[in-house]
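Asks: the following block contains a protein sequence and its predicted model.
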Amino acid sequence: MSPETLTRRAASARRVRPAKTDFDLAIIGGLGHVGLPMGLVFANQGLRVALYDTHAEKVALVKRGTMPFLEHGAQPILEAVLGRTLEVSSSSDVISRARLVMLAVGTPVDDYMNPNLRAIVEVFSQLSPHLRPDHTIIIRSTVYPGTCRRVQQLLAGSGGTPHIAYCPERIVQGHAIKELSELPQLVAGLSDQALADATALFAPIAPKIIPVSVEEAELAKLFANAWRYIQFAVSNQFYMIARRFGMDFNRVREVLTDGYGRAATLPTAGFAAGPCLLKDTMQLAAFNTHNFLLGHAAMMVNEGLPHFLVEALRQRRDLSRTTVGILGMAFKADIDDIRDSLSYKLGKILRFHGATVLYSDEHAKDPSFISKEKLLASSQVVIVGVPHSAYRNLAVPDGVELIDLWGVMQPSGTSHADHLAEHPRQASRGLGRR
Ligand SMILES: NC(=O)c1ccc[n+]([C@@H]2O[C@H](COP(=O)([O-])OP(=O)(O)OC[C@H]3O[C@@H](n4cnc5c(N)ncnc54)[C@H](O)[C@@H]3O)[C@@H](O)[C@H]2O)c1
């Protein structure tokens with residue numbers, strides 16, 4: 001559909017909208033990692049935004065002007081818009097007072113990796129008294145394919161709105177404020193009004209609007225995360241092969257990608273964790289009646305990496321007499337989110353084999369964590385769980401064994417210059433992975 005057609009439809013859709021609302025947009029799940037940065041960006045654009053969330057502590061914190069998690073660039077925007085164009089609320093009343101409604105709640109798979117549609121259905125069942133027939137609901141959460149139409153049927157059955165749009169979120173966590181204005185936005189709608197409203201909402205912030213069908217958008221989002229997950233699995237499998245033969249994967253990757261564009265996207269090895277990649281790969285597998293060999297293989301490789309590291313360590317050491325320090329407990333560099341972090345799985349496996357395990361993180365807070373300095377001084381083995389910037393070129397004391405898949409730290413017995421020479425790409429061009 002051409003941009004002109006979209007604009008025409010937006011104009012005609014607006015003619016039937018109610019005259020006055022208190023908010024341009026209400027976000028359900030508004031204090032999550034997706035909802036909050038999104039709300040801040042729109043409020044900063046001058047839209048009147050209400051963030052509705054059921055998490056009482058986060059509501060209290062954000063009402064006081066404090067970000068509940070690390071999101072680069074978010075705190076100053078929160079301070080600037082709170083009480084002006086941004087309202088934070090634990091009362092669902094704000095939904096009926098908004099022109100547009102966005103859904104950004106979590107959509108986890110269950111304990112057996114099956115999609116859990118009930119989570120979304122329950123949200124809409126609870127909130128239906130606040131939804132008007134003329135509302136457009138923009139679904140931002142990642143959903144199992146077919147969910148948007150199910151929501152439409154559910155709401156239509158109870159006399160609610162048929163105007164459902166799906167605009168998947170594709171930011172990398174922690175960098176949403178920047179990426180929301182850099183990434184093209186996929187926009188899909190199950191009615192002309194839904195498509196037009198979603199287009200009009202995102203057009204001022206996204207560099208490009210890509211109109212698609214709802215089914216294409218649902219699949220594109222899952223493909224994006226499964227693709228990323230599989231890419232990490234390829235590197236992790238290569239890492240394990242290289243290690244089994246006593247070779248340095250980073251060195252092989254360096255020579256392989258040097259001036260060779262076809263391999264340029266090969267990521268570094270490292271834990272592929274967090275609440276999205278595995279979950280969405282499994283949603284895609286479920287959608288294809290569990291016939292997704294590459295996705296399942298990727299899960300085995302990525303989830304198997306902590307086991308591989310521990311098994312290799314057990315060949316060299318009696319773990320019951322070893323103190324192992326894990327540096328970095330967040331699931332990704334330079335954020336404070338520990339959801340589904342593989343550093344915890346690594347710690348559990350080590351403890352199962354009798355090791356004493358110490359944890360440290362630069363951003364995530366936990367009373368049991370110790371400082372990186374104390375961890376380095378107290379451990380016989382140090383494993384980098386996530387390559388926070390603060391670990392770059394950190395020196396490991398003499399005699400301490402370092403396991404550093406990313407090559408960020410300085411092993412004992414090497415000078416800073418030696419280390420940069422060993423990993424020239426990481427030193428000069430970043431880690432090749434975020
Ligand atoms: N985190 C990411 O980087 C990312 C990126 C792309 C897509 N996604 C997708 O976006 C969705 C949200 O992910 P997230 O990481 O922001 O989750 P999150 O857990 O950080 O945020 C969800 C928020 O919803 C709130 N909530 C839950 N139930 C609610 C209800 N009934 N009413 C109001 N609020 C409610 C929670 O308190 C929480 O603040 C998921 O589908 C996820 O797959 C996440």
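Replies: Received it, and whenever you're ready, just let me know what you need.
Asks: drop to CA atoms for contacts and neighbour counts, all remaining ones
Replies: Will do.
Asks: and the residue of the stretch 151-300 of the chain found nearest the ligand, how far from Asp258?
Replies: Nearest residue of the stretch 151-300 of the chain to the ligand (Cα to the nearest ligand atom) works out as Gln173 at 3.7 Å. When Cα to Cα, to the nearest Å is applied, the distance between Gln173 and Asp258 equals 29 Å.
Asks: ends of stretch 89-100, how far apart?
Replies: Start-to-end, stretch 89-100 (Cα to Cα) is 16 Å.
Asks: then stretch 178-192?
Replies: In terms of Cα to Cα, the two terminal residues of stretch 178-192 are separated by 30 Å.
Asks: okay, now Gly35: neighbour count?
Replies: Residue neighbour count, defined by other Cα atoms under 10 Å, stands at 24 for Gly35.
Asks: tell me the contacts of the closest residue to it other than its chain neighbours?
Replies: Taking Cα to Cα, 6 or more residues apart in numbering as the measure, Gly35 lies nearest to Ala104, with 5.4 Å between them; neighbours along the chain are not counted. Listed by Cα atoms under 8 Å, 6 or more residues apart in numbering, the contact set of Ala104 reads 27-30, 32, 34-35, 139-141.
Asks: where in the chain is the helix or strand with the lowest mean pLDDT?
Replies: Every helix and strand of the chain was ranked by mean pLDDT, DSSP states H and E. The lowest is helix 424-429, at a mean of 35.
Asks: and the contacts of Ala104 near the ligand, which?
Replies: Residues shared between the contacts of Ala104 and the neighbourhood of the ligand are 28-29, 32, 34-35, 141 [Cα under 6 Å from any ligand atom].
Asks: close enough to count as contact, the residue of the stretch 151-300 of the chain closest to the ligand and His33?
Replies: Yes. Proximity of Gln173 to His33 meets the contact threshold set by Cα atoms under 8 Å, at 7.1 Å.
Asks: before we move on, back to that, in strands, which of the ones next to the ligand among the contacts of Ala104 appear?
Replies: For the ones next to the ligand among the contacts of Ala104, the ones inside strands are Ile28, with DSSP state E as the criterion.
Asks: write out the residues of the stretch 51-200 of the chain neighbouring the ligand.
Replies: So the stretch 51-200 of the chain meets the ligand at 52-55, 104-107, 123, 141-142, 169-173 (Cα under 6 Å from any ligand atom).
Asks: so what's the residue nearest the centre of the chain up against?
Replies: Nearest to the mean C-alpha position of the chain, counting by Cα atoms, centre = their mean, stands Gln173 at 4.3 Å. Going by Cα under 8 Å, 6+ apart, Gln173 touches 33-34, 71, 335.
Asks: switch to 7 Å and redo it
Replies: The neighbourhood of Gln173, defined by Cα atoms under 7 Å, 6 or more residues apart in numbering, contains no residues.
Asks: about what we covered before: buried ones only from the ones next to the ligand among the contacts of Ala104, please, as a PyMOL command.
Replies: Buried members of these, defined by 16 or more other Cα atoms under 10 Å, are picked up in PyMOL with:
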select buried, resi 28+29+32+34+35+141
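Asks: of the residues of the stretch 51-200 of the chain next to the ligand, which belong to strands?
Replies: In strands, judged by DSSP E, the following of those are found: Tyr52.
Asks: which of the residues of the stretch 51-200 of the chain next to the ligand are buried?
Replies: Buried by 16+ other Cα under 10 Å: 52-53, 104-107, 141-142, 169-170, 173, out of these.
Asks: in this structure, which helix is the longest?
Replies: Among the elements of the chain assigned as helix by DSSP state H, the one spanning the most residues is helix 214-244.
Asks: what helices and strands are in contact with it?
Replies: Other helices and strands packing on helix 214-244, by 3 or more Cα pairs under 7 Å, 6 or more residues apart in numbering; DSSP states H and E, are strand 185-189, helix 277-287, helix 293-316.
Asks: out of those, which one sits most buried?
Replies: Here the criterion is mean neighbour count by mean count of other Cα atoms under 10 Å, and of these the winner is strand 185-189, at a mean of 26.
Asks: helices or strands up against it?
Replies: Helices and strands touching strand 185-189, as assessed by 3+ Cα pairs under 7 Å, 6+ apart, comprise strand 163-166, helix 192-202, strand 209-211, helix 214-244.
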